[in-house]
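Participant: 3D model of this:
(4 chains)
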2 protein chains.
Amino acid sequence: MMNVLTRKLEAFGPLPDADRLFLDEVIRPVRAVGPRVDLIREGEAPSDVNLILEGFACRYKTIPNGTRQIMAYLVPGDFCDLHVFILKAMDHTIATLSPCTVVKIPRAQILALMERPAIARAFWWAALVDEATLREWLVNVGARKAEHRVAHLLCELLLRLETVGLTNGDTYELPITQAELADTTGLTSVHVNRVLQRLRRDGLITLKGKHLVILDAARLKAFSGFNPNYLHLPEQNGISEQSL
Amino acid sequence: MMNVLTRKLEAFGPLPDADRLFLDEVIRPVRAVGPRVDLIREGEAPSDVNLILEGFACRYKTIPNGTRQIMAYLVPGDFCDLHVFILKAMDHTIATLSPCTVVKIPRAQILALMERPAIARAFWWAALVDEATLREWLVNVGARKAEHRVAHLLCELLLRLETVGLTNGDTYELPITQAELADTTGLTSVHVNRVLQRLRRDGLITLKGKHLVILDAARLKAFSGFNPNYLHLPEQNGISEQSL
DNA sequence: CGTACTATTGATAGATATCAACGCTGGTGG
DNA sequence: CCACCAGCGTTGATATCTATCAATAGTACG
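Facilitator: Take a look at the predicted model:
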């Protein structure tokens, strides 16, 4: 079974066997981290790069009145901070949401990885996709209404998790509380709850505990105005399953 | 007088004289572009990089119901799309807001620039600051209320324009309509209008036509919860002018 | 089998959007 | 140089959405 990092980077394009072997080396030793643990705090300047192997983490900021905004989800295969080589201090905090397993990759090893052209290109691609995703989140929160925000997020995660093999058809584990969804979408947890009920009532999803089933992916995508172009994945087979 | 690009890049650190001379070459020939003109459209894959020399441009997306979300302002010294070398197609559109003067820098020239270590580092820094700014905009729209959103944006622009020498004390030209501010902040133009009136009534700003005066920068920053760390500028002299 | 989150529900308040009209201003052509 | 026009800014009245507050019900975990 391919590791999540290799799997993610190969979403951009195939890697030489030597690169794959190197990537297998890089992802250890792993470290288990509990839920709701800060990995890097605003103001710090870590020298290593964290990579998520299992579980969900996030970037967030808290504003003076206490409101928290989650600015990104980090799922298996995602790097936390390829930045850090240039900037002096983090301007936000990175924390686990669920229990996670994480690797700390030393700076030197990242540089060694960047020597390999295929990997370097894949790193670039990953960073650009992260930024595009951030833009899409801004659209989500700034322009869409509550139902669409949540639906759009679920569509995005379906594709991202599919890329690293963490879906089962249109089903996946979403180890996130409603309060965390609220901090992500700029809503209240009460309102997120009501939105989820509407999505269930409309036959779009099933969500029980952490177990999400997207009952009609085509309809959920149409409903939320989801356009996957910003994820910059290679052409899919069934580009759009169209309506029905 | 130093050109805006050099000025912006030197906000990160001084450049060798040779680099400066090179940058002077790179920013021509200039091109004048009217307001509200698309420079690059979603779906296209341009081979050149656009640099803004004068005026304001933006990144935006339009969602199916017709709502537009502006995701970034591009001010003099900002690159539009250093990305494009890796990704196949733009996932958003770039357009002028005001009349602009722009340079198209050919791919080859960008690569030549990247050969120079100081410039390459400055480019990296600029790209990372762009991303950090995007995160802050997500916080703005997702977590702050209307008055604070607008005030925060004005504080950010004060610093960004200061960097490239486009302020006069706490005064600058803001060539943006209220409708565009609305598309930026996720509000309605009517509501932006009312917010601006409140900021005026509270003695925080003066805004007549395109001419903005920040009457009490310290208070405006405190009011909006503005923390400049995400712009990653070098230490300022008067780090915080404190209250009054 | 408690205990503490997490999810759910109902009632109400508050913020922001929507709709519609009018006034201003800067630019353009006569 | 003036008069007109179109876009922008402003205002008021009302509708909607989303937040807030508060209580109850589930659920998972030790």
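
Participant: could you break chain A into its assigned domains?
Facilitator: Domain segmentation of chain A under automatic domain parsing yields A:4-127, A:145-231.

Participant: okay if I get those domains as JSON lines plus mean neighbour count?
Facilitator: Every C-beta, even on glycine, is put in place using the N, C-alpha and C of the backbone. Formatted as JSON lines, those follow (neighbours: other C-beta atoms under 10 Å in any protein chain shown):
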{"stretch": "domain A:4-127", "mean neighbour count": "18"}
{"stretch": "domain A:145-231", "mean neighbour count": "18"}
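
Participant: out of those, nearest to DNA strand C?
Facilitator: Closest to DNA strand C of the domains of chain A, according to C-beta to the nearest atom of the strand: domain A:145-231, at 3.4 Å.

Participant: tell me if the closest one is near chain B.
Facilitator: Yes - with C-beta under 8 Å from any C-beta of the partner chain as the criterion, chain B is reached by domain A:145-231 at A:185-186, A:225, A:229-230.

Participant: end to end, how far does that domain reach?
Facilitator: 22 Å (C-alpha to C-alpha, to the nearest Å).

Participant: same question for stretch A:84-92.
Facilitator: This stretch, stretch A:84-92, spans 12 Å end to end (C-alpha to C-alpha).

Participant: try stretch A:210-224
Facilitator: Using C-alpha to C-alpha, the end-to-end distance of stretch A:210-224 comes out at 21 Å.

Participant: farthest-separated two in the residues of domain A:145-231 next to chain B?
Facilitator: Farthest apart among these by C-beta to C-beta are A:Gly186 and A:Asn229. That separation is 23.2 Å.

Participant: how far away from the center of its chain is the longest helix along chain A?
Facilitator: Across chain A, the longest stretch assigned as helix under DSSP state H is helix A:117-143. Counting by C-alpha atoms, centre = their mean, to the nearest Å, helix A:117-143 is centred 10 Å from the centre of its parent chain.

Participant: just checking, what packs against the next helix-or-strand element following it?
Facilitator: Toward the C-terminal end, the helix or strand that comes next after helix A:117-143 (DSSP states H and E) is helix A:146-163. Here helix A:146-163 touches helix A:117-143, strand A:171-173, helix A:178-185, helix A:189-201, strand A:211-214, helix A:217-224, going by 3 or more C-beta pairs under 8 Å, 6 or more residues apart in numbering or on different chains; DSSP states H and E.

Participant: give me that answer again for 6 Å
Facilitator: Here helix A:146-163 is seen to pack against helix A:189-201, helix A:217-224 when contacts are counted using 3 or more C-beta pairs under 6 Å, 6 or more residues apart in numbering or on different chains; DSSP states H and E.

Participant: list of residues touching the first one?
Facilitator: Spelled out, it's helix A:189-201. Residues from elsewhere that reach helix A:189-201, judged by C-beta atoms under 6 Å, 6 or more residues apart in numbering or on different chains: A:146-147, A:150, A:178-179, A:181-182, A:205.

Participant: could you dump those residues into TSV with distance to B:Asp48 added?
Facilitator: Shown next, in TSV, are the contacts of helix A:189-201 (distance: C-beta to C-beta, whole Å):
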residue	distance to B:Asp48
A:Ala146	40
A:Glu147	40
A:Val150	39
A:Gln178	46
A:Ala179	46
A:Leu181	41
A:Ala182	42
A:Ile205	44
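
Participant: filter those by proximity to DNA strand C?
Facilitator: Residues of these in contact with DNA strand C (C-beta under 7 Å from any atom of the strand): A:178-179.

Participant: could you dump the contacts of helix A:189-201 to JSON lines with pLDDT?
Facilitator: Listed next are these as JSON lines, based on pLDDT from 0 to 100:
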{"residue": "A:Ala146", "pLDDT": "98"}
{"residue": "A:Glu147", "pLDDT": "98"}
{"residue": "A:Val150", "pLDDT": "98"}
{"residue": "A:Gln178", "pLDDT": "98"}
{"residue": "A:Ala179", "pLDDT": "98"}
{"residue": "A:Leu181", "pLDDT": "98"}
{"residue": "A:Ala182", "pLDDT": "98"}
{"residue": "A:Ile205", "pLDDT": "98"}
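
Participant: if we can go back for a sec, just the residues of domain A:145-231 next to chain B now: which is nearest A:Ile86?
Facilitator: For the residues of domain A:145-231 next to chain B, the closest approach to A:Ile86 (C-beta to C-beta) belongs to A:Tyr230, at 24.3 Å.
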